[in-house]
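Participant: Pasted the sequence and its predicted model underneath.
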Amino acid sequence: MQIIKPPIPAPYSILCVVGARPNFMKMAPIMAAFAALGPELDVSLVHTGQHYDVAMNHQYFEALGIPQPDINLEVGSGSHTEQTANVMLRFESVLNAKDPSAVLVVGDVNSTLACALVAVKKEVPVIHVEAGLRSFDRAMPEEINRVLTDQISELLFITERSGRENLLREGIAEYRIRFVGNVMIDTLHHNLAKAVPVSQILQDAGREEFLDGHDGYAILTAHRPSNVDDPETLRSLLETILKISARLPVIFPVHPRTRDMIQKFGFSKMLDVPTVLQLPPMGYLEMLGLMKDARVVLTDSGGIQEETTALGVPCITLRNNTERPITVDEGTNTIAGLDSAKILTIFDEIMLTGGKTGRIPELWDGHASTRIAAEILSWIKNGFQSN
Ligand code: UD1
């Protein structure tokens, strides 16, 4: 049954939540679209502090022009339970103090679910941006976060049509679902001209010569617990990357989790070859510059599967599944899993043919956040009812 609240006077207060790196790219255009609507909306930003390093956090706010958070809950790292519980406890006080008309969460990180759960228990309607994605792999912490957040959200914005089928199958009422496109791609469009060229990144790393004599480069990113937390899996992945680097130099911005695991398992020397360049986590504009001119991107990230599709750059996904099937059906993505032979076969094919060209998915046009902001405003004005 649809919750119908009595109309409330403007300004309508919305509490937006970010916690971890992939949230920042999604929230940046939403905050801008809200601001463009003017004083009818009173928007605050809460940062849970799930990510806190300069490289994982501050750099993004600066580069993407996200307003400084009104509140930082400073939860930091911990087990899933610790992190989720700490966010919940600290977010509850903020919610009590702010008493917003709605809470908006993005993506699928622990902070997303934690804040959605606190809000719904206080009968504050939850808006979920990037709803409906499913990998159907419940061993992924993000899949649990997605399924549960969607179940308790009042308004669900989806990036691709598969999201609607997934949500309907799970009993979500159709009237709650809005197909609006992809806010990640809004951010990409907005920043493409500002992308930092790879030559600059190499110069900053003191490795100007890294690509000399080579015809392009590959990018690697890997941070999923299923890929990096088990020593044999990580060893096999690094061995595969070494084989690839014998054909094409590999630039590898190393996520803190992966860096810690490489050290812990004693693999630090494995990638000590002239054709692999390990870098610290990159800022958004640096990563965009790296991806844009890469011949191929190997990744276990969800967002990068989407960004490579938008950029028309071949992507090899180092997972057995994707919650973003449109990147495979219409985009440049190929699911490789972790089998070394399979990854190398797909890599060879891309070297030979240039890989899938793909096309831009429906509504990935740079205007998703404008549609979202307009929809939210009319939903609130309409007494939180969907048309
Ligand atoms: C989280 C998200 C994942 C997302 C990823 C992007 C969940 C369940 N996972 O995974 O969906 O793709 O962010 O990066 O929410 N660390 C630092 N500095 C930081 C943050 C983390 O050094 O600023 C290290 C800590 O050792 C920490 C580890 O990275 O324990 C993991 O961080 P955490 O936020 O728990 O998960 P991620 O692997 O980053």
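Facilitator: Cool, the structure landed.

Participant: Strands along the stretch 151-300 of the chain, start to end?
Facilitator: 155-158, 177-179, 218-221, 250-253, 276-279, 296-299 (DSSP state E, counting those that start in this stretch).

Participant: Just send these back as a markdown table, with distance to the ligand and mean neighbour count too.
Facilitator: Using the backbone N, CA and C atoms, a C-beta is placed for each residue, glycine as well. What follows is those, written out as a markdown table (distance: least, CB to the nearest ligand atom, whole Å; neighbours: other CB atoms under 10 Å):
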| stretch | distance to the ligand | mean neighbour count |
| --- | --- | --- |
| strand 155-158 | 18 | 25 |
| strand 177-179 | 23 | 20 |
| strand 218-221 | 9 | 25 |
| strand 250-253 | 11 | 22 |
| strand 276-279 | 15 | 18 |
| strand 296-299 | 11 | 25 |
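
Participant: Throw these into CSV and include mean pLDDT and distance to residue 339, thanks.
Facilitator: Formatted as CSV, those follow (pLDDT from 0 to 100; distance: least, CB to CB, whole Å):
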stretch, mean pLDDT, distance to residue 339
strand 155-158, 98, 31
strand 177-179, 98, 34
strand 218-221, 98, 16
strand 250-253, 98, 19
strand 276-279, 98, 21
strand 296-299, 98, 13
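
Participant: could I get these as JSON lines with distance to residue 58?
Facilitator: Below are the strands of the stretch 151-300 of the chain laid out as JSON lines (distance: least, CB to CB, whole Å):
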{"stretch": "strand 155-158", "distance to residue 58": "27"}
{"stretch": "strand 177-179", "distance to residue 58": "32"}
{"stretch": "strand 218-221", "distance to residue 58": "20"}
{"stretch": "strand 250-253", "distance to residue 58": "16"}
{"stretch": "strand 276-279", "distance to residue 58": "18"}
{"stretch": "strand 296-299", "distance to residue 58": "23"}
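
Participant: Which residues of the stretch 101-250 of the chain lie near the ligand?
Facilitator: 109-110, 141-142, 223 (CB under 6 Å from any ligand atom).

Participant: Low-confidence ranges, the stretch 251-387 of the chain, go.
Facilitator: By pLDDT under 70, the low-scoring segments of the stretch 251-387 of the chain are 387.

Participant: Helices of that one, start to end?
Facilitator: 256-264, 284-292, 302-311, 326-329, 340-353, 368-381 (DSSP state H, counting those that start in this stretch).

Participant: residues near residue 10, how many?
Facilitator: When neighbours are defined as other CB atoms under 10 Å, residue 10 has 14 of them.

Participant: now for the residues of the stretch 101-250 of the chain next to the ligand, which pair is the farthest apart?
Facilitator: Largest separation among those by CB to CB: 110 and 223, giving 14.3 Å.

Participant: which other helices and strands contact the lengthiest helix in the chain?
Facilitator: In the chain, assigned by DSSP state H, the helix with the most residues is helix 80-98. The contact analysis (3 or more CB pairs under 8 Å, 6 or more residues apart in numbering; DSSP states H and E) places helix 80-98 against strand 12-18, strand 41-47, helix 110-121.
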